[in-house]
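Undergrad: The following block contains a protein sequence and its predicted model.
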Amino acid sequence: MTASAPVTQDVLTIPRKLPDGPINLVGLTRDQMRAILIAHGTPEKQARMRVGQIWQWIYQKGIREFDAMTNLSKAYRAELAETFVIALPEVVSRQVSADGTRKYLVRIAGGHEVEVVYIPEEDRGTLCISSQVGCTLTCSFCHTGTQKLVRNLTAGEIVGQVMLARDDLGEWPEPGEGSDARPRLLSNVVLMGMGEPLYNFDAVRDAMKITMDPEGISLSRRRITLSTSGVVPEIARTAEEIGCMLAVSFHATTDEVRDKLVPINKKWPIAELLEALRAYPKASNSERITFEYVMLKGVNDSDQDARRLVDLIRGIPAKINLIPFNEWPGAPYERSDWERIERFADIVYKAGYASPIRTPRGEDIMAACGQLKSATERARKSRAQIAAETGQSV
Ligand code: SAH
Ligand code: SF4
């Protein structure tokens, strides 16, 4: 397989404009918004400035009504309100874990659902967002990978997750307050929820550009981490067109084991993946890559694995994030014992790499890594199970 092989995107992307409905401004790039404003009567000369103003209201102040955009004329506000809306996906439910982690079940157009997780820590607050409903990939240890229903999220649905979390955290500035007046509760974004972000590249890129833009959500690119299972041809594009931090779901040190855990490895095996990763830090001007490594008992957690891992990544500025496996109903693996994880971490650390062990967060509400799966899908499964048990058809 060569690096220029086409990327499969066999999932549906819905149009941003529903037939005859108002146009949602959330998620439009600057250029798209400018074009659409001009098409609906905004004078061309003013359009660039209007985009900046509207962006600030939407992404820095959290305003949803055009009428509140007080630096625009009343007539113009009324015109905007006739054609456009500022709409977010709907929060169906919110669960709060004993450790403060919040999980939102979010409904998007078409009635599909995704999950979004907010993880408060002492020095930061990280929002884990989704890029797809479900995932076309079928990593054998991941709950999302068992979900059949898949569709790409739009850019508006992706950046909308950041906005709805800010709503819930009450962190939009008060009227008259500067957008950086208070410390940000939502200070980091990780694309580690449902879906493979690099199989929905354009929407993820557009949403992250809005998230990084100083007139947008205004988070530094160093506070955004995109996690990929290893879509090799899109890694260089990620450096060029997004430039955020990169995490890679590595999880194994031989192609034989990685083929089983992360089946995309059959298409782009370890050697090709490493080649793309070697080029990333320089191309994106980011310090280091995070290698995610899920600890599965007796599968990938031996001393030999740890040594092979450090040999493989030698020369790549890296941090190795060890993730104790999070169980889900019917999962075919077990979490490695704590001593094993520590021993693995020690070998990696002694070879010169930071090797933090990720503390599972929000396990009591099934919010930990790899536990996400739409509730509707779960409900469907359990109805199917009940039917099987009772001998009825679903
Ligand atoms: N699709 C992307 C991003 C989402 S997954 C990717 O695969 O990178 C975010 C991280 O959680 C990945 O490293 C993934 O491999 C890991 N993960 C998935 N299921 C897990 C589980 N059950 N326990 C621990 N980590 C898991
Ligand atoms: Fe998809 Fe990532 Fe889960 Fe693999 S680990 S199935 S790529 S969400």
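TA: That came through, no problem. Ligands and ions are numbered 1, 2, ... in the order given.
Undergrad: What residues does this structure have near ligand 2?
TA: 135, 137, 138, 139, 142, 144, 145, 195, 196, 229, 249 (CB under 6 Å from any ligand atom). Every residue, glycine included, has its C-beta placed from N, CA and C.
Undergrad: Tabulate the residues you listed (CSV), appending secondary structure.
TA: CSV is the format used below for the residues of the chain next to ligand 2 (DSSP: H, G, I helix; E, B strand; the rest coil):
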residue, secondary structure
135, coil
137, coil
138, coil
139, coil
142, coil
144, helix
145, helix
195, coil
196, coil
229, coil
249, strand
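Undergrad: which among those gets closest to residue 167?
TA: residue 195 (22.3 Å; CB to CB).
Undergrad: ok, now how distant is the closest one from residue 129?
TA: Distance, residue 195 to residue 129, by CB to CB, to the nearest Å: 9 Å.
Undergrad: With neighbour numbers in mind, choose between the two.
TA: Neighbour count, other CB atoms under 10 Å: between residue 195 and residue 129, residue 129 has more, with 32 against 29.
Undergrad: Now the more buried one. Nearest residue, chain neighbours left out?
TA: Distances taken as CB to CB, 6 or more residues apart in numbering place residue 161 nearest to residue 129, at 4.4 Å, with adjacent residues excluded.
Undergrad: How many neighbouring residues does that neighbour have?
TA: 30.
Undergrad: Does it touch residue 116 like I think?
TA: Yes: taking contacts as CB atoms under 8 Å, residue 161 lies within contact range of residue 116: 4.7 Å.
Undergrad: Need the residues touching each of the two.
TA: Shared contacts of residue 161 and residue 116 (CB atoms under 8 Å, 6 or more residues apart in numbering): 104, 106, 127, 129, 130.
Undergrad: who touches the first one in this structure?
TA: So the one you mean is residue 104. Residue 104 neighbours (CB under 8 Å, 6+ apart): 91, 93, 94, 115, 116, 117, 118, 161, 164, 165, 168.
Undergrad: Okay, now the unreliable bits of the stretch 251-394 of the chain?
TA: Under the criterion pLDDT under 70, the flagged ranges of the stretch 251-394 of the chain are 366-394.
Undergrad: where along it do the strands fall?
TA: 289-295, 318-324 (DSSP state E, counting those that start in this stretch).
Undergrad: partners of the first one in the sheet?
TA: It stands for strand 289-295. strand 245-249 (parallel), strand 318-324 (parallel) (DSSP bridges).
Undergrad: at contact distance from ligand 1, anything in the longest one?
TA: Which is strand 318-324. Yes: under the criterion of CB under 6 Å from any ligand atom, strand 318-324 makes contact with ligand 1 via residue 323.
Undergrad: Just the residues contacting that strand, thanks.
TA: Looking at what lies outside strand 318-324 - CB under 8 Å, 6+ apart - the contacts are 247, 288-295, 309, 313, 335-336, 341, 344-345, 348, 353-358, 360, 369.
Undergrad: among those residues, which ones are buried?
TA: Buried members of the contacts of strand 318-324, scored by 16 or more other CB atoms under 10 Å, are 247, 289-295, 309, 313, 335-336, 341, 344-345, 348, 353, 355, 357-358, 360, 369.
Undergrad: So what's the gap between stretch 269-283 and the chain middle?
TA: 21 Å (CA atoms, centre = their mean, to the nearest Å).
Undergrad: So what touches it?
TA: 1, 3, 230, 232, 235-236, 238-240, 246, 248, 252-255, 258-259, 265, 286-289, 312-313, 315-317.
Undergrad: let's go with 6 Å and repeat that
TA: 230, 232, 235, 239, 246, 255, 289, 316, 317 (CB atoms under 6 Å, 6 or more residues apart in numbering).
Undergrad: which among the residues you listed gets closest to ligand 1?
TA: residue 230 (8.0 Å; CB to the nearest ligand atom).
Undergrad: what's the neighbour count on the closest one?
TA: Neighbourhood size, residue 230 [other CB under 10 Å]: 26.
Undergrad: Report the separation between residue 338 and residue 345.
TA: Applying CB to CB to residue 338 and residue 345 gives a distance of 10 Å.
Undergrad: So residue 129 versus ligand 2, what's the distance?
TA: To ligand 2, residue 129 is 12 Å away according to CB to the nearest ligand atom, to the nearest Å.
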